[in-house]
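>>> A predicted structure for the sequence below; I have some questions about it.
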Amino acid sequence: MDILTIFVGFAGGFFGAAYGSIPAFIITGVFALVGSALTIAGVIDYTVGSVAFGPFFGPHVSFAAGAAAATYAANYAKKLDSSQNVLASLFGLGDIKTLLVGGLYGVVGIISFTLVEKQKYFVTDSPGFSVCVVLFLNRLILGKTSLIGSLKNGEKREILSKDEAIMNGIVGFLFGLGIAIIGKVLIDAGVGKEAMGAYPVFVFGFSAISLIFLQMGFSIPITHHITYPAATTFVLTGNVYFAALTGLINGILWVIAGKIFNSHCDTYIDPPAVVIALSIFVINLIF
């Protein structure tokens, strides 16, 4: 990591704050989908690692910095309705300090990613884990609650209701199963093992791009914490049922992570990133 990479990380964090966390993530998804599709088709691609998950558009930089900057905009600049508003494009607030805060968190994302990539003991998804690091640090720095929020007298934390477990479990199972079956179809069509290594990134890109509908106000399911790990399980095992089980578990874990980290608090921690970082670690450990 050189000084130029630090500058690029700052620029990426500034970009993430200006465009907003989710809009920046959607753009990441475009690069991920296109680049991985080329790889699956047998074309040599250089954009996934260098652009989609690189030091500017990588979610550990742009997305995480945008979410962290929203905390500053809401809690300190008092120009945003909620510190958990990751849909807002913060450029429109007209507050340069908010965007510069995003730049600083972009640098934090770069440093975290570099450190995770260099170690070999906790093998997980480096961008997802680095998103967690940035947003955990953001809560400690700009937030006023503990990492899991702070309950007031008499308050109780709801972790998981029966309806939520059923709904998200079914969504996770069916998405995981569908992703695995599509992967099997690609293999049967002649896609080689090496090219299939890009399949998890391909479905991640699909899930990220689909958030454009969330940005437009539609209540669609968020799925990258399901599709990416489920596809990873399928690529490693070739078993569609293991992939579906991964999807089911992650669908429920997403709800739990959201209740633990995003209730009774004043900053945003990304539940999908938490689930991805944990599940990819477990998947690599098992398979």
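Thanks, I have it. Values in this document were obtained by computation on a predicted structure and should not be read as measured data.
>>> does residue 120 sit in a helix, a strand or a coil?
coil (DSSP: H, G, I helix; E, B strand; the rest coil).
>>> Could you check how many residues crowd around it?
6 (other CB atoms under 10 Å). Every residue, glycine included, has its C-beta placed from N, CA and C.
>>> With the one 5 residues further on instead?
When neighbours are defined as other CB under 10 Å, residue 125 has 27 of them.
>>> Please pull out the lowest mean pLDDT helix or strand from this structure.
Lowest by mean pLDDT, DSSP states H and E among the helices and strands of the chain is helix 47, with a mean of 92.
>>> Moving C-terminal from that helix, which element do we reach first?
helix 62-75 (DSSP states H and E).
>>> Keeping just the C-alphas, turn that next one into PDB.
Once non-C-alpha atoms are left out, helix 62-75 reads as follows in PDB (Å, rounded to 0.1, in the frame of the first residue of the first chain):
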ATOM      1  CA  SER A  62     -17.200   3.800  -1.100                       C
ATOM      2  CA  PHE A  63     -20.200   2.000   0.500                       C
ATOM      3  CA  ALA A  64     -18.800   1.900   4.000                       C
ATOM      4  CA  ALA A  65     -17.600   5.500   3.800                       C
ATOM      5  CA  GLY A  66     -20.900   6.700   2.600                       C
ATOM      6  CA  ALA A  67     -22.700   5.000   5.500                       C
ATOM      7  CA  ALA A  68     -20.200   6.400   8.000                       C
ATOM      8  CA  ALA A  69     -20.500   9.900   6.600                       C
ATOM      9  CA  ALA A  70     -24.300   9.700   7.000                       C
ATOM     10  CA  THR A  71     -23.600   9.400  10.800                       C
ATOM     11  CA  TYR A  72     -21.700  12.700  10.700                       C
ATOM     12  CA  ALA A  73     -24.400  14.400   8.600                       C
ATOM     13  CA  ALA A  74     -27.200  13.300  11.000                       C
ATOM     14  CA  ASN A  75     -25.500  13.500  14.400                       C
END
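>>> other SSEs contacting the least confident helix or strand of the chain?
helix 21-40 (3 or more CB pairs under 8 Å, 6 or more residues apart in numbering; DSSP states H and E).
>>> Surely residue 51 and residue 36 touch.
No. The criterion here is CB atoms under 8 Å, and residue 51 misses it with residue 36 at 11.7 Å.
>>> Pick out whichever of those two has more residues nearby.
residue 36 (25 against 19).
>>> what's the least confident helix or strand of the chain in contact with?
For helix 47, contacts defined as CB atoms under 8 Å, 6 or more residues apart in numbering pick out 31, 34, 35.
>>> CSV for the residues you listed, including neighbour count and distance to residue 185?
Formatted as CSV, these follow (neighbours: other CB atoms under 10 Å; distance: CB to CB, whole Å):
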residue, neighbour count, distance to residue 185
31, 22, 24
34, 17, 20
35, 24, 21
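>>> Looking at these, spot the one nearest residue 103.
residue 31 (20.6 Å; CB to CB).
>>> that older thread, dump the contacts of helix 47 into JSON lines; add pLDDT as well.
As requested, the contacts of helix 47 are exported to JSON lines (pLDDT from 0 to 100):
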{"residue": "31", "pLDDT": "97"}
{"residue": "34", "pLDDT": "97"}
{"residue": "35", "pLDDT": "97"}
